[in-house]
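A.B. asks: Please work out how this folds:
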Amino acid sequence: GMLVVPPAVPVTEDNVKAWRSALDNWRTECIQRIAYTGDVYNVTALQWTQTSYIQPQSHPYDRFLWNPDTREYTVDIFLNDLTSRYGGIDSVLIWPTYTNIGIDDRNQFDFIRSMPGGVEGIKALVDTFHSNGVKVLLPYHPWDIGTRPEMCGDTPGPMPQPGCTKIGDHMDNSDAMAALLLATGADGFNGDTMSYISESFYTAAMQRKHPIAIEPEWHDLPYLQANYDTLNWGEGWSYDNPPHVDSFKYLTRGKHNINICDRWNQNKAGQVSTALFNGIGLESWENVWSTWNGMTPRDSSLYKRVGAILRFAGGHTHGGPAQPDSNSTRSLLRSSEWQPFSPLVSTPSQAYASSFPADDGSNELLVTLVAFSAGDMATFPLDSKYKDYAFFDLWHGRELKVLLTEDGNVSVSVPLDDSLHDPSICYASTNCVSFSAVLATPQKSDSGLQAFLTRMQSLSQRTLGSYTCEGGANCLVNNSSSPWPFYKSCNQTRCAGLLISSIPQNSTVKHTTPPSGTMIKIAGGQFAFHTSGVEIEGTTNQGVDIQFSFEDTPRKDHSGNVTIPTLFVDKYPVTNADYAQYLQESKYTPVDKEHYLQFWKNGKPQLGWEKKPVTYVSVKDARAYCSYYGKRLPDVPEWQWLAGQNRNPNQTYPWGNAPPSNETAGGTGPQSGYIYNGPRDVDAKPAGCTVDGVCDLVGNTWEMSTEFQDEHTRSLVLLGGSGYRPGGSLWYFPQAWEISQHEKYMLFSDGYERAATIGFRCVADAA
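C.D. replies: Predicted coordinates:
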């Protein structure tokens with residue numbers, strides 16, 4: 001794996017010497033064993049990976065990146081937000097697939113191509129990021145083995161091409177990924193859940209003359225990948241005292257880079273200390289599957305400072321407006337002679353340094369330092385070759401005065417901001433940390449260095465510990481029993497966690513008779529409502545899932561007493577015949593026609609599909625239909641009420657508590673298969689109806705309910721489950737056949753939202 005255990009504690013000169021000797025021997029042996037050449041790190045198109053120090057994962061439907069009203073990407077808003085809060089980014093992982101994948105038979109490449117504008121729209125998005133100096137990666141999911149097979153020609157491109165003779169042939173995933181990256185201009189991909197990624201992916205890209213960055217998720221990579229893999233993500237990295245060492249960077253003599261990920265942690269100090277010590281990058285992931293775990297003001301300031309140092313000392317050259325510290329000629333962090341745990345720091349007691357001597361002939365030296373014990377000054381020795389050098393405290397942006405010892409060597413003392421050692425702020429030893437970086441240069445100074453020092457003086461005016469939330473409470477969780485995440489309003493910028501609000505639908509006119517179609521009157525009443533989200537991610541932490549009006553935070557499990565109005569309820573989901581009549585009457589035409597009514601042929605339902613639920617409609621399409629007839633979509637408590645819990649709030653299924661069967665729901669669970677052939681007729685399972693006669697609620701098509709949004713994400717609650725879920729992986733969109741279960745479906749554009757398994761029914765308020 002990538003983690004090298006640090007020298008034995010205490011970190012003494014003898015321990016470090018023995019440790020480094022073993023590490024050097026391992027490197028020599030490993031280079032021979034894997035026939036490592038380092039050629040991939042000399043590929044011009046991949047040079048950016050070595051200085052991609054800050055990379056967020058972002059869903060393209062994040063409201064800072066996509067405006068659903070204007071139907072436009074807003075890259076400027078997205079980048080300006082990140083630059084103002086934590087100093088900007090160098091690359092971005094755009095993730096449109098999981099968690100929605102598995103809602104129907106669309107494969108991972110289909111979901112990417114379902115982004116607004118398709119392949120051309122993605123290319124325009126990538127081009128905009130590129131114009132701002134930001135590289136773009138897309139996701140790859142090896143576990144996507146149960147959906148529609150990818151075919152030659154699905155991604156537009158020349159034919160024949162590597163891996164494809166003619167349109168319609170089966171396409172290997174490595175060729176499919178390479179073709180999609182070429183067509184969109186994206187720079188690489190992230191291998192979700194992967195440690196090992198086959199060289200075939202790199203080969204397929206090189207055959208298309210489009211070199212790509214390959215970024216496995218996990219840190220335990222086979223070293224053979226160093227011959228074609230220049231980047232990785234570092235999920236599961238351990239942040240310890242003393243820090244672990246990045247073995248891939250050591251093996252490749254400073255060339256391999258990693259963006260270490262700590263997605264759920266609200267205190268990033270441990271993560272950042274490891275990055276600075278190793279001279280590697282950070283994954284600045286905040287929108288975690290629609291749960292907003294935003295950086296606190298303290299961590300934002302920490303990212304600004306360390307990101308600036310990494311870019312300055314790493315030779316970052318592909319920057320633009322997104323990186324205010326961009327374009328440095330120094331490449332110290334890519335030093336072939338990087339020496340972790342050297343020099344030894346004499347004070348404080350638990351402080352550790354890494355030295356990065358220049359390879360470019362400048363004879364400069366960078367020392368990065370992290371301290372896990374309190375102290376306002378760190379001291380370390382350097383040999384006599386540096387006695388005539390100028391020394392600069394990069395953290396504070398100031399020149400240092402050093403001492404010459406009696407033996408002619410140099411003693412460097414650098415001030416530390418030790419405010420994070422306050423016990424009211426840090427709650428784990430790896431979060432109680434100070435940071436520093438020192439540049440030793442024989443050139444005294446230059447204009448680039450002076451500009452950087454001026455910026456760092458500005459960034460370091462406040463101590464890190466001074467960033468707190470309103471009311472004096474720290475943004476950070478300071479003990480293990482605190483709820484996660486904290487919901488505090490910060491006076492500097494937003495804290496972790498956002499309140500989620502539902503999008504209200506206007507109540508319909510109160511009707512004395514059903515406004516249209518076959519509807520059933522369901523009396524209202526008081527309801528002991530309870531529901532649970534079935535999302536895979538986030539466990540039961542506060543902040544995950546949705547938030548009802550009677551709750552103070554989002555959560556997966558919900559209980560509350562609500563009042564249900566008397567309603568007229570569609571007996572069945574809206575059918576294809578119903579929708580065809582609606583189109584004839586209303587002349588409705590959506591602006592975004594992507595995937596609209598995809599099961600229809602020549603503008604009308606297929607023969608024999610008249611009584612099947614209409615699908616491939618967006619929530620906007622569904623609301624337009626309901627509104628036309630004086631109706632609306634039901635909210636979550638209303639749907640559960642009409643699904644049978646008006647009779648018994650603890651009832652599991654519409655027909656009672658007996659498990660699903662072929663008679664009630666078409667089987668005991670959803671069917672799998674590479675291709676989904678469509679839903680059954682709405683009246684096919686009369687035994688599955690409620691006592692009140694509401695039918696086809698479970699196991700045929702998902703039904704739309706309440707829309708929720710926070711500052712970043714829009715989502716739709718889906719209820720009732722469907723008759724299809726791809727097989728072969730636990731990561732596909734989970735089912736929710738029980739009345740008191742729901743799933744959260746991320747909203748984007750109409751075309752992206754439309755799915756083969758999502759339908760709807762309407763309700764109307766009764767007089």
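A.B. asks: Number of residues surrounding residue 15?
C.D. replies: When neighbours are defined as other CB atoms under 10 Å, residue 15 has 16 of them. In short, each C-beta sits where N, CA and C put it, glycine included.
A.B. asks: Apologies, that question was intended for residue 153.
C.D. replies: With other CB under 10 Å as criterion, residue 153 counts 16.
A.B. asks: Quick one: neighbours of residue 657, just the number.
C.D. replies: 10.
A.B. asks: so how far is residue 91 from residue 225?
C.D. replies: From residue 225 across to residue 91, the span is 19 Å (CB to CB, to the nearest Å).
A.B. asks: other SSEs contacting the strand or helix carrying residue 562?
C.D. replies: Applying DSSP states H and E as the criterion places residue 562 in strand 557-564. Judged by 3 or more CB pairs under 8 Å, 6 or more residues apart in numbering; DSSP states H and E, strand 557-564 is in contact with strand 525-533, helix 636-640.
A.B. asks: So between residue 225 and residue 91, which is more surrounded?
C.D. replies: residue 91 (27 against 22).
A.B. asks: Could you point out which residue ranges in the stretch 451-600 of the chain have low pLDDT?
C.D. replies: Within the stretch 451-600 of the chain, the ranges that satisfy pLDDT under 70 run 468-499, 506.
A.B. asks: which residues of it fall in helices?
C.D. replies: Secondary structure of the stretch 451-600 of the chain, counting by DSSP state H, counting those that start in this stretch: helices at 576-586.
A.B. asks: what about the residue lying closest to residue 313 once chain neighbours are set aside, how many residues close to it?
C.D. replies: Nearest non-adjacent residue to residue 313, counting by CB to CB, 6 or more residues apart in numbering: residue 332, 4.7 Å away. Neighbour count for residue 332, taken as other CB under 10 Å: 27.
A.B. asks: any idea how far residue 332 is from residue 439?
C.D. replies: Applying CB to CB, the value for residue 332 to residue 439 is 8 Å.
A.B. asks: Give the intersection of the neighbour lists for these two.
C.D. replies: 313, 364-366 (CB atoms under 8 Å, 6 or more residues apart in numbering).
A.B. asks: Can you convert the residues you listed into a markdown table and add a column each for neighbour count?
C.D. replies: What follows is those, written out as a markdown table (neighbours: other CB atoms under 10 Å):
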| residue | neighbour count |
| --- | --- |
| 313 | 27 |
| 364 | 20 |
| 365 | 22 |
| 366 | 25 |
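A.B. asks: Among those residues, which one lies nearest to residue 407?
C.D. replies: residue 365 (19.0 Å; CB to CB).
A.B. asks: Output the lowest mean pLDDT helix or strand found in this structure.
C.D. replies: strand 501-502 (a mean of 80; mean pLDDT, DSSP states H and E).
A.B. asks: For it, which strands pair with it and how are they oriented?
C.D. replies: According to DSSP bridges, strand 501-502 has the following sheet partners: strand 702-709 (antiparallel).
A.B. asks: what residues does the strand it pairs with touch?
C.D. replies: 63, 103, 500-503, 546-547, 573, 619, 622, 633-636, 639, 697, 714-722, 742-745, 747, 755, 757-761.
A.B. asks: Strands - which of these land there?
C.D. replies: When those are checked against strands (DSSP state E), the matches are 501-502, 714-719, 742-745, 758-759.
A.B. asks: Including distance to residue 650 and neighbour count, could these go into CSV?
C.D. replies: CSV is the format used below for those (distance: CB to CB, whole Å; neighbours: other CB atoms under 10 Å):
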residue, distance to residue 650, neighbour count
501, 28, 15
502, 24, 17
714, 32, 21
715, 27, 22
716, 26, 23
717, 20, 25
718, 22, 23
719, 17, 25
742, 16, 28
743, 21, 24
744, 23, 23
745, 26, 21
758, 27, 25
759, 27, 29
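A.B. asks: Looking at these, which one is closest to residue 290?
C.D. replies: residue 715 (5.9 Å).
A.B. asks: Settle this for me: that closest one is touching residue 747, isn't it.
C.D. replies: Yes. In this structure, residue 715 is within contact of residue 747 by CB atoms under 8 Å, at 6.0 Å.
A.B. asks: Pull the number of nearby residues for residue 411.
C.D. replies: With other CB under 10 Å as criterion, residue 411 counts 13.
A.B. asks: did I read that right, it in a helix?
C.D. replies: No. Under the criterion used here (DSSP: H, G, I helix; E, B strand; the rest coil), residue 411 is strand, not part of a helix.
A.B. asks: hang on, it packs against residue 391?
C.D. replies: No. With contact defined as CB under 8 Å, residue 411 does not reach residue 391; the gap is 10.8 Å.
A.B. asks: anything in contact with each of these two?
C.D. replies: Each of residue 402 lies in contact with both residue 411 and residue 391 under the rule CB under 8 Å, 6+ apart.
A.B. asks: if we can go back for a sec, the residue nearest to residue 313 and residue 353: what is the separation?
C.D. replies: In terms of CB to CB, residue 332 sits 14 Å off from residue 353.
A.B. asks: low-confidence ranges in the stretch 301-450 of the chain?
C.D. replies: Flagging of the stretch 301-450 of the chain using pLDDT under 70 yields the residue ranges 317-327, 427-428.
A.B. asks: hmm, back to that, of all the shared contacts of residue 332 and residue 439, which two lie farthest apart?
C.D. replies: Spanning the widest gap among the shared contacts of residue 332 and residue 439 are 313 and 365, at 10.6 Å by CB to CB.
A.B. asks: tell me the contacts of residue 383?
C.D. replies: 409-410.
A.B. asks: Would you list the phi and psi of it?
C.D. replies: Main-chain torsions, residue 383, degrees, to the nearest 10: phi -80, psi 180.
A.B. asks: Repeat that for residue 54.
C.D. replies: Dihedral angles of residue 54 (phi, psi; degrees, to the nearest 10) stand at phi -130, psi 120.
A.B. asks: contacting residues for it?
C.D. replies: 86-90, 259, 281-282, 284, 303, 307, 310.
A.B. asks: Show me what it is bridged to.
C.D. replies: Counting by DSSP bridges, residue 54 is bridged to residue 282.
A.B. asks: mind checking how far it is from residue 334?
C.D. replies: Distance, residue 54 to residue 334, using CB to CB: 17 Å.
A.B. asks: next one: residue 197
C.D. replies: Taking CB to CB, one finds residue 197 at 23 Å from residue 334.
A.B. asks: which stretch of helix or strand covers the nearest residue in space to residue 9 that is not next to it in sequence?
C.D. replies: Nearest residue to residue 9, sequence neighbours excluded (CB to CB, 6+ apart): residue 242, at 6.9 Å. Following DSSP H and E, one finds residue 242 outside all helices and strands.
A.B. asks: element containing the residue lying farthest from the centre of the chain, please.
C.D. replies: For the chain, the residue at maximal distance from the C-alpha centroid (CA atoms, centre = their mean) is residue 406, at 54.2 Å. According to DSSP H and E, residue 406 maps onto no helix or strand at all.
A.B. asks: Mutual contacts of residue 313 and residue 365, please.
C.D. replies: Listed as contacting both residue 313 and residue 365 by CB under 8 Å, 6+ apart are 332, 356, 439.
A.B. asks: Toward the C-terminus from the helix or strand harbouring the second one, list the very next helix or strand.
C.D. replies: When elements are assigned from DSSP H and E, residue 356 belongs to strand 351-357. Per DSSP H and E, the first helix or strand lying C-terminal to strand 351-357 is strand 365-371.
A.B. asks: What strands flank that next one, and is each parallel or antiparallel?
C.D. replies: strand 351-357 (antiparallel), strand 434-441 (antiparallel).
A.B. asks: deepest of those, which one?
C.D. replies: strand 434-441 (a mean of 25; mean count of other CB atoms under 10 Å).
A.B. asks: Okay, angle between the strand holding residue 562 and strand 741-746 too, please.
C.D. replies: For strand 557-564 against strand 741-746, the angle by axes from the mean of the first three to the mean of the last three CA atoms, to 10 degrees is 100 degrees.
A.B. asks: hmm, back to that, for the residue nearest to residue 9, give me its contacts.
C.D. replies: Residue 242 neighbours (CB under 8 Å, 6+ apart): 6-7, 9, 11, 341, 350, 352, 372.
A.B. asks: residues touching residue 508, list them.
C.D. replies: 515, 630-632, 764-765.
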